[in-house]
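pasting the sequence and the predicted model now:
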Amino acid sequence: MALFNLFSKKKKETLDKGLEKTKQSFFNKLSRTIVGKSKVDAEVLDNLEEVLITSDVGVETTLKIIDKIEERVSKDKFVGTDELNTILKEEITSLLEENNSNSTVDFNVPIHSEGPHVIMVVGVNGVGKTTTIGKLAHQFKTAGKKVVLGASDTFRAAAVDQLILWAERVGVPIVQQGMNADPASVAFDALQSAKSQNADVVIIDTAGRLHNKVNLMNELSKIKKVMNKVIPGAPHEILLVLDGSTGQNAFEQAKQFSIATDINALAVTKLDGTAKGGVVIGISDQMKIPVKYIGVGEGLDDLQAFNNVEFVDSLFS
């Protein structure tokens, strides 16, 4: 139990450090909003709206939060500015809970009767997709799972090479056919190999060309169909990786990918290097897809299972 508590404490400290830039930026803006004010009034709410939007929470999500606070102000008649942090924290936590971004991920994935748990990873180039796969593989392996990687991003030689390096670093097998191989063929072989090895988890990398390339989306559909033939129901998880430092552009990418393929999980990376961590709140609210993982550092353990309570606590601590 003591070891578990030590691990949890370290994880929380990493999260606090990873969100430091976002927190500083947010509270610097917030403090200017309430300077000289003793109660939350229309002017404070207008200023708060601007703070949330410029913190990459997004317009629609911001308006939801403001409406909730207006309701509380109207009901309570007088709300002091010293209470604003607490109210904001409560409303953001509630919003994340509504959108199913919670702490259920523990890397003890379900074992399916027809074979391993299959994760198909999608996202544009440069968002940290390959790194996320490597760190996910590490987390599953640490949890005692047998993991196989599939290098279906065959349009770039660097993508295959990077995944091979991650497989070697983490110590898990990889199925690859090199550059220009048929991506669906690689996925087929990866799942077949995983079944023969009685693996618990298969993580398939896919191409990350720009999200407005129709041929890429067709390729993703083809990979999905092939995997479903090998393991019925696969892929069980389609994980979209987004770069948190791009702010609202990450949200636009999420919308495009959700149109083209059935995304059911999100990973938001690079939050430690940006003040735009508020995008996690907006993406979760607008997409209605759970944020399952967040990247808050360079280390192998710095890809964390997203916990909405801990996230908001770190943001407001």
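Now that the structure is in, tell me what you want to look at.

what are the structural domain limits within the chain?
The record assigns the chain these domain ranges, following automatic domain parsing: 2-98, 117-306.

I'd like those written out as CSV, with distance to residue 312 and mean neighbour count added.
C-betas here are computed from N, CA, C, even on glycine. Below are these laid out as CSV (distance: least, C-beta to C-beta, whole Å; neighbours: other C-beta atoms under 10 Å):
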stretch, distance to residue 312, mean neighbour count
domain 2-98, 5, 16
domain 117-306, 9, 20
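
could you give the bridge partners of residue 119?
residue 203, residue 237 (DSSP bridges).

assess the claim that it and residue 237 are in contact.
Yes. Using C-beta atoms under 8 Å, residue 119 is in contact with residue 237, at 4.5 Å.

re earlier: and the domains of the chain, which one's lowest on average pLDDT?
The minimum mean pLDDT among the domains of the chain belongs to domain 2-98 (a mean of 86).

how far out from the middle of the chain is that domain?
20 Å (C-alpha atoms, centre = their mean, to the nearest Å).

my read: residue 54 touches residue 30, true?
No. At 11.0 Å, residue 54 does not count as touching residue 30 under the criterion of C-beta under 8 Å.

please report phi then psi for residue 146.
phi -90, psi 120 (degrees, to the nearest 10).

my error: substitute residue 288 in the last question.
Torsion angles, degrees, to the nearest 10, at residue 288: phi 60, psi 30.

roughly how far apart are it and residue 112?
25 Å (C-beta to C-beta, to the nearest Å).

re the thing from before, wait, which of the domains of the chain is closest to residue 314?
domain 2-98 (4.8 Å; C-beta to C-beta).

residues contacting residue 301?
Contacts for residue 301 (C-beta atoms under 8 Å, 6 or more residues apart in numbering) come out as 11, 14, 135, 138-139.

for these, which one is nearest residue 156?
residue 135 (19.8 Å).

ok, the residue nearest to residue 80 when sequence neighbours are not counted - contacts?
Closest residue in space to residue 80, ignoring its immediate chain neighbours: residue 39 at 5.6 Å, by C-beta to C-beta, 6 or more residues apart in numbering. Neighbour list for residue 39: 78-81 [criterion: C-beta under 8 Å, 6+ apart].
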